[in-house]
Every structure is written in C-alpha cells, then in structure tokens.
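Chemist: Below: sequence and its predicted model.
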Amino acid sequence: MKVWLISFFFLLVGTAVSYGQIDTLINVGNYKLHFKILEGKETPILFESGGGLDASQWDSISTVLHQKLNATIITYDRQGFGLSGLDTAAYHIQNEAKGLTFALQKLGYAHQDLLLVSHSLGAFYSTLFASNHPTSVKGMIMLDPRISSYADMRFARKVFKNLNLSNFGKNELGLYYVLAQMEQNSSFIRKKVIPSNIPVLVVMAEKGPFDNQVDNDRFQEAQRQFIKKREKGSLILAKGSSHNIPQDQPELVISEIENFYRRYVLE
C-alpha cells in the first residue's frame, strides 16, 4: 500500500511540473487583466465568461477538460471583474478586444489556433475575436449566447434608462459599465461577421435568463436564427438548464466541448 501511495504522489507531482499552471496579471496599458492558464500540449481553448461573471465560472470545467484533452486552457477576468482592472475612460468592447489580444501576445499565444468557448454576453467577445482573427479560430461553442440584433439593442436601451450609477458599489463598477454600454456594444457586434468556414455549436438553455416569456422567446429565437444562417452550425437544447449552463450542467458542457474539440480541432 505504501509503495502504491508513493507512486501515486510522484505521478501527481510529475503532472503538475509537466504542464504548469499560470495565475498572473498582464499589464495591457491603462489596466491589468487577470489570467488563469493550465498549460497543455494541444490547441488552446479560450473561455469568455458571461456578463457580470469572472474566470471562476469555468473552474469546475477547466481542469477536467485539461486532463481529458491535454489542451491549454485559458480563462481570464474581463475588465472590472475578478482581479482585473477597469479603464472607465475608454470602456468599449473594441478596446477590451485590443487588451485581450495584447495580453495573449505577451503570454505567447498570439497567432496560435484556438477554440473559443463563451457563455451569454461572452458570445459578443468571441464573435469579435473570430472576426478579428479569422485564420486562428478553429471553432466556437456558445452556451446560451446573447445574439446582437436590433431587438437586442432595444432591450439594452430599456435597461440603460433604469440605470443609476449611485446604485452600484465600488466593486460593482464593472457591471455598471457593461450595462451602460450594452446597446452600443450590441450595435458594434451586429456588424461583425464570423467567417463561414468556422464551425459553431450553440447550446441553448431550456429556461431563459429573463423574468418574462416575451424576452425569453426573443432570446431563444435569435439563437435559432443565428445557427440557421450558418453553413457549419448546430444547436442543441440543454434540457432543464437555466441560463447559466456551465453551473447547472457542467457535465454536459464538458462532453460537448470534448466532442467538438476532437471533431474539429484534432482533425
């Protein structure tokens, strides 16, 4: 028994040393971005969290995928969330994209192939990344994604009318700026195109994110129409799941990412 325990201990140590874990802040100009990376030998997977969430959203998923696929797993806190800073003077999704690209260059992942995984508002960021780096993106998985449209912009405009900065604490400024910029960012993303050769999987939650059925129906129909227009697009329903699919059904997310990765990334 003692021999077995010693062998198991060295196996764990060897794994940690071989792949390495990075937890760091990258200076991208007027603020810093916090990254958590599990290094692997296969194509990296870059995760984009949902609106108002940080990299911890992926904690229950990232380690399992790293072990199953031997892939580098990249998660990070967007501006104003987690340990990342916030540049209130130049807050816009385009500037956030520039900061991410600059950070990936510093980390040594520039010009590498990537699989993009996003949740909710994170789909805006993945869409922009794919539009800016069409030859690097091998595929995209969107978990109950927000789809930019005129209807989405109208919804964002209603949210903005009820916003009051005084209702947000110091640690909630990131959320305020996300909500305040939603219409502008949605308009910006609506004009961006994901190259047709990039395969896209949408995993749609059965239960929408809103309190009323009208908004939930709009949200889900936008996902259906988005996939319907794609040459390499597919949609599956996460039965019983709320909007936060990674939290409600991590096993499903892991399974879909693993299958997609083996089909499109390791081909």
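Modeler: All right, it came through fine.
Chemist: how close does the most centrally placed residue in the chain get to Glu96?
Modeler: Centroid-nearest residue in the chain: Glu48, 1.5 Å away (criterion: C-alpha atoms, centre = their mean). For Glu48, the distance to Glu96 equals 10 Å [C-beta to C-beta, to the nearest Å]. Quick note: C-beta positions are derived from backbone N, CA and C, even for glycine.
Chemist: Find residues that contact each of these two.
Modeler: Taking C-beta atoms under 8 Å, 6 or more residues apart in numbering as the contact rule, the neighbours common to Glu48 and Glu96 are Arg78, Tyr125.
Chemist: ok, back up a step: hmm, Val117 and the residue nearest to the centre of the chain touching each other?
Modeler: Yes - using C-beta atoms under 8 Å, Glu48 is in contact with Val117, at 7.1 Å.
Chemist: what residues are shared contacts of these two?
Modeler: Ser126.
Chemist: tell me which element the closest residue to Arg157 other than its chain neighbours falls in.
Modeler: Using C-beta to C-beta, 6 or more residues apart in numbering and skipping residues adjacent in sequence, the residue nearest Arg157 is Glu183, 5.1 Å away. Following DSSP states H and E, one finds Glu183 within helix 182-190.
Chemist: Packing partners of that helix?
Modeler: For helix 182-190, the contact count by 3 or more C-beta pairs under 8 Å, 6 or more residues apart in numbering; DSSP states H and E identifies helix 93-107, helix 122-132, helix 150-161 as packing neighbours.
Chemist: closest to Leu235 out of the ones you listed?
Modeler: Nearest to Leu235, of all the helices and strands packed on helix 182-190, is helix 122-132, at 13.2 Å by C-beta to C-beta.
Chemist: counting contacts, what elements does that closest one pack onto?
Modeler: Using 3+ C-beta pairs under 8 Å, 6+ apart: helix 122-132 touches strand 42-48, helix 93-107, strand 114-119, strand 137-143, helix 182-190.
Chemist: strands paired with the shortest one, and their directions?
Modeler: Looking back up the chat, that one is strand 114-119. With DSSP bridges as the test, strand 114-119 is paired with strand 42-48 (parallel), strand 137-143 (parallel).
Chemist: Could you export those as JSON lines, including mean pLDDT?
Modeler: What follows is the strands paired with strand 114-119, written out as JSON lines (pLDDT from 0 to 100):
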{"stretch": "strand 42-48", "mean pLDDT": "98"}
{"stretch": "strand 137-143", "mean pLDDT": "98"}
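Chemist: Pick the most buried one from these.
Modeler: Mean neighbour counts were taken over the strands paired with strand 114-119 using mean count of other C-beta atoms under 10 Å, and the top value, a mean of 25, falls to strand 137-143.
Chemist: would you put the C-alpha positions of that one in CSV?
Modeler: Provided in CSV are the C-alpha atoms of strand 137-143 (Å, rounded to 0.1, in the frame of the first residue of the first chain):
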residue,chain,number,x,y,z
VAL,A,137,-10.2,30.3,-34.7
LYS,A,138,-10.8,26.6,-35.3
GLY,A,139,-14.3,26.6,-33.9
MET,A,140,-16.7,28.2,-31.5
ILE,A,141,-19.0,26.9,-28.8
MET,A,142,-21.6,29.3,-27.5
LEU,A,143,-23.5,28.5,-24.3
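Chemist: Quick one: distance of it to the chain centre.
Modeler: With C-alpha atoms, centre = their mean, to the nearest Å as the basis, strand 137-143 stands 9 Å off its chain's centre.
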